[in-house]
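Peer 1: return atomic coordinates for the entry below.
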Amino acid sequence: MLTVLYYIYQICVGLPIFLVLTILTALTTVAGCRLGDGHFWGYYPGKIWSRLTCYLFLLPVHVTGREHLQPGTSYVFVANHQGAFDIFLIYGFLNRNFKWMLKKSLRKLPFVGKACESAGHIFVDKSSPRKIVETIRAAEKILQDGTSLVVFPEGRRTFTGHMGEFKKGAFLMADQLQMPVIPLTIDGAFEVLPRTARLMHHHSLRLTIHPAIYPKGKGGNYLDELMQESFEAIHSALPERHR
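Peer 2: Numbering: from 1, shown residues only. Below you'll find the predicted structure:
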């Protein structure tokens, strides 16, 4: 009975309000970045939107490990990708000003694509080695003075709840810029809304922030070790059902 009531609530109340919030957030971000401080307007409207979304759909959120974050330090955050609510969990509750690394195709999304472009999020173009170099150079200009980067190195949401193989993009960028990497473990987003579902299930969300992995060298084996260490850290905080 409670499940049916939750479905009715999200269809009749949650989703209409969420749609309005999304449009207002996108418009506020675009206008704010054009008229004011892009560092502020490129982050805080999205953070508020994400928090309100979790509250709107009555999802409990738990965060551990914030003590691992040092003020004024820029990081490359890498997280497992369980579902659509990964975005709201990180954006709303990480409490760090950051930019997303996004697929180039997401620029075409109505309202959201334009807002992401205005906010300075990094769209990845993998069409050629030259484009990849340009992406790294663009990131270097943005990732300063405590502004960080968030990447889902699996590249797509899981179908099963289990982690997939990591792609090198985020780690190559961290390696080239010699930035510390912080692994993030997301748990619960798969239960809330897996990629094959149309309606949400009520479930808690948990974000675990792991200690930073600092660069030990550059290129070659160092890059492979960084990927492996990050994967193992994220995997270690997942419940048994997702290992």
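Peer 1: when you work out contacts or count neighbours from here on, use the C-alpha atoms and nothing else.
Peer 2: Will do.
Peer 1: please compute how far stretch 170-188 lies from its chain's middle.
Peer 2: Computed by C-alpha atoms, centre = their mean, to the nearest Å, the separation of stretch 170-188 from the middle of its chain amounts to 11 Å.
Peer 1: for residue 185, which residues make a bridge with it?
Peer 2: Taking DSSP bridges, one obtains residue 208 as the residues bridged to residue 185.
Peer 1: what separates it from residue 99, distance-wise?
Peer 2: Counting by C-alpha to C-alpha, to the nearest Å, the gap from residue 185 to residue 99 is 18 Å.
Peer 1: now residue 198
Peer 2: To residue 99, residue 198 is 28 Å away according to C-alpha to C-alpha.
Peer 1: which one of those two is surrounded by more residues?
Peer 2: Set side by side, residue 198 and residue 99 show more neighbours around residue 99, with 24 against 8, by other C-alpha atoms under 10 Å.
Peer 1: the helix or strand containing the more buried one pairs with which strands, and in what direction?
Peer 2: Using DSSP states H and E, residue 99 falls within strand 98-103. Counting by DSSP bridges, the strands paired with strand 98-103 are strand 122-124 (parallel), strand 148-151 (parallel).
Peer 1: alpha carbons only: can I get the longest one in CSV?
Peer 2: Output in CSV follows, covering the C-alpha atoms of strand 148-151 (Å, rounded to 0.1, in the frame of the first residue of the first chain):
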residue,chain,number,x,y,z
SER,A,148,37.0,20.6,-8.6
LEU,A,149,35.9,18.1,-11.3
VAL,A,150,33.4,15.3,-10.9
VAL,A,151,33.5,12.3,-13.3
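Peer 1: can you list contacts of that strand?
Peer 2: Taking contacts as C-alpha atoms under 8 Å, 6 or more residues apart in numbering, the residues outside strand 148-151 that touch it are 73-79, 96-102, 143, 170.
Peer 1: any idea which of the strands paired with strand 98-103 is most buried?
Peer 2: Of the strands paired with strand 98-103, the one with the most neighbours on average (mean count of other C-alpha atoms under 10 Å) is strand 148-151, at a mean of 23.
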